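Student: fold the following.
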Amino acid sequence: MNDNLKIIIKAMLAKNSLSDIKKQLARQKFNVNVNVSMNQLSKSLSGIEKQTSDIGKNIKKLTDNSTFEKQIKQWSMQSNQILSIIRQISDAVTSTSDSGENLESCFEDTITDLGSLLTESDELTNIFSNAISYAGRMADTIYELNNSMIHLYRITNETDTKYEEFLSSANKSAQKLGNTVTDFIDQTAQWAEQGYNLDDSNILTKASSIYSNISGVDNSTAISDISAAMEAFNIEASDSITIVDKLSKLGDEFSTSTADIGTGLNIAASDLQSAGNSIDETLALIAGSSEKIGDASDTGNTLKIFSMRIRGMKKQLMEMGEDTTNVYSQAGIRKNISFLTDNSVDIFDSSGNMKSSYKILKDVSNIYEKLSKTKQVNLLQALFGTERAGQGESIIKAFQSGKIEKAYNSSTNAADSAYGQQSKWMQTLTAKTKQFEAAFQSLSQSMMDSDMLKWFIDFGTGAINSLSSVVEKIGSLPTIMAGVGAVLGAKNHGRLKVSLNIHC
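Tutor: Predicted coordinates for the structure are as follows:
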């Protein structure tokens, strides 16, 4: 903004006299007695009038509240009065532009009336200003939602009707779950990127949203943890919430957090499933042992290595940089473990199939204390490797203490646990804040095609264009504004009670 114009505005707000304004402008080598071009001013006034002519009609769309409507009618009437006074100023400028008469004395009465109207309409002006501000926020929100939906369009192939149904559902689900609509759409897109259709992705997003809420992990981690379990244990999208139920239940009953158990599950799920374990056995091993080991990630890695060793996966262990001592073929491992347990543990069942890791370790825990110290050490190294023998012993002791079996029972009886924790989380400030944001996003969408929002945008654009036209003819505007500031100060109308947001 022009420095001279800044001086004038500041002077008006500070109730400076015209002489004070002149002194400040003189320092900027600005001539306050410039002639006013009627043609230029008339064009600017026409633009302002055009943009404000429909204010009363359009602003009513903000609300159906009758009291507010009465205020809007009053504000509309005052707007027309303001325009009429501006016209009077225009006529006065016409008669004085050639003679160079002093604007202060010429416009004193008219500007006084203008100041009174502006002061009286302060409250309504603030209402209108706030409405414009919210309209801007809505436009930004719609832009963000549009970008999220565009990403979803690119990775799915559905009809327009289907997308509209999804968006409507997303609005409701987001508020119900304490999530933002954009986050809900973005999570759905992430699930879709894994090959799920829109319906399944929608279901999965509800599960990952709840898991993210109750565990505190971010959305991407929530999706990764659940996805790893689904893939490993062949769990359908419709049953994905059962994974969250189990994680929630175990996190609530054991000292290891839901998030940490989820991390351990992500690490070990695939290998433990390949070693014959169910999801309940896997989670029981992780949750029950982590209290002893102290780190669910470490527990997950230890169990992963164990499952690979008893299956004779020497090459894969070498590639991971793990100890491969005493890693033989499955037949050789079976024979070695049988010897180290005094023929008490067989890693195969009566049908010739390898037992699950859960059952093998449970069998070992039952006879572990009966073994000599030498065989205990050698057995732990055979099962877990030299570097992880200590963690392996902690798992054996977790079986002996009953922790792992308790975790197994909790995991198998975890139905609806996630919704219970979700209900508690919904009472938090974080949840309430996200609900509010989701509600605002939904409101923004409902107004996206409305005449009101379009009017706000058109009005804002037109107002900016009109002001730009005035600023281009800056020679006329400062003179009039200087006169307004001086007269308002002299007539004791106080400061101009209109909030100005100036971006220079």
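Student: model confidence over stretch 334-343, on average?
Tutor: Stretch 334-343 shows a mean pLDDT of 95.
Student: typed the wrong thing, it's stretch 419-438
Tutor: Predicted confidence along stretch 419-438 averages 92 (mean pLDDT).
Student: which positions in that stretch come out as buried?
Tutor: Within stretch 419-438, the residues that qualify as buried are 421, 422, 425, 426, 431, 434, 435, 437, 438, counting by 16 or more other CB atoms under 10 Å. In this view, the C-beta of every residue, glycine as well, is placed from N, C-alpha and C.
Student: farthest-apart pair in those residues, please.
Tutor: Pairwise distances across those peak at 21.7 Å for 421 and 437 (criterion: CB to CB).
Student: nearest spatial neighbour of residue 307, chain-adjacent residues omitted?
Tutor: Closest residue to residue 307 apart from its sequence neighbours, by CB to CB, 6 or more residues apart in numbering: residue 275 at 3.7 Å.
Student: ok, residue 213 next?
Tutor: In space, residue 213 is closest to residue 425, 4.9 Å off (CB to CB, 6+ apart).
Student: so what's the backbone phi/psi at that neighbour?
Tutor: Dihedral pair for residue 425: phi -60, psi -30, per degrees, to the nearest 10.
Student: from residue 203, how far out is it?
Tutor: Applying CB to CB, to the nearest Å, the value for residue 425 to residue 203 is 20 Å.
Student: before we move on, what about residue 218?
Tutor: Distance check for residue 218 against residue 203: by CB to CB, it reads 20 Å.
Student: and these two? Which one has more around it.
Tutor: residue 203 (19 against 10; other CB atoms under 10 Å).
Student: the more buried one should be in a helix, yeah?
Tutor: Yes - looking at residue 203 with DSSP: H, G, I helix; E, B strand; the rest coil, it is inside a helix.
Student: list the contacts for it?
Tutor: By CB atoms under 8 Å, 6 or more residues apart in numbering, the contact set of residue 203 is 237, 238, 240.
Student: per-residue pLDDT of residue 37, please?
Tutor: Looking at residue 37, its pLDDT stands at 41.
Student: can you check residue 141 too?
Tutor: At residue 141, the pLDDT value in this model is 84.
Student: repeat for residue 293
Tutor: What the model reports for residue 293 is a pLDDT of 89.
Student: any idea which of the contacts of residue 203 has the most stuff around it?
Tutor: In terms of neighbours by other CB under 10 Å, these top out with residue 240 at 24 neighbours.
Student: which element is the closest residue to that residue other than its chain neighbours on?
Tutor: Spatial nearest neighbour of residue 240, excluding adjacent residues (CB to CB, 6+ apart): residue 207 at 4.2 Å. According to DSSP states H and E, residue 207 maps onto helix 198-215.
Student: immediately after that helix, which helix or strand?
Tutor: The helix or strand immediately downstream of helix 198-215 is helix 219-233, counting by DSSP H and E.
Student: average pLDDT for that following helix?
Tutor: Taken as a whole, helix 219-233 has a mean pLDDT of 97.
Student: packing partners for it?
Tutor: The helices and strands touching helix 219-233, judged by 3 or more CB pairs under 8 Å, 6 or more residues apart in numbering; DSSP states H and E, are helix 181-193, helix 198-215, helix 240-253, helix 258-274, helix 279-293.
Student: name all residues that make contact with the residue lying closest to residue 170 once chain neighbours are set aside.
Tutor: Spatial nearest neighbour of residue 170, chain neighbours left out: residue 184 (4.9 Å); criterion: CB to CB, 6+ apart. Residues near residue 184 by CB under 8 Å, 6+ apart: 170, 173, 174, 177, 205, 209.
Student: name the nearest of those relative to residue 162.
Tutor: Nearest member of the contacts of residue 184 to residue 162, counting by CB to CB, is residue 170, at 12.4 Å.
Student: which element is that closest one on?
Tutor: Judged by DSSP H and E, residue 170 forms part of helix 160-177.
Student: any regions of the stretch 101-250 of the chain where pLDDT drops low?
Tutor: Applying pLDDT under 70 to the stretch 101-250 of the chain flags residues 101-135.
Student: try it again at 90.
Tutor: Scanning the stretch 101-250 of the chain for pLDDT under 90 picks out 101-146.
Student: hmm, residue 188 and residue 200 touching each other?
Tutor: No - in this structure residue 200 lies outside contact range of residue 188 using CB atoms under 8 Å: 9.8 Å.
Student: which of these two has more residues huddled nearby?
Tutor: Neighbours were counted for residue 200 and for residue 188 using other CB under 10 Å; residue 188 has more, 30 against 18.
Student: one step back: deepest in the core, which of the helices and strands packed on helix 219-233 is it.
Tutor: When you average the neighbours per residue for each of the helices and strands packed on helix 219-233 (mean count of other CB atoms under 10 Å), helix 279-293 leads with a mean of 26.
Student: just want the angle from the helix or strand following it to helix 258-274.
Tutor: Using DSSP H and E, the helix or strand that follows helix 279-293 towards the C-terminus is helix 296-309. Here helix 296-309 points in a direction 0 degrees away from that of helix 258-274 (axes from the mean of the first three to the mean of the last three CA atoms, to 10 degrees).
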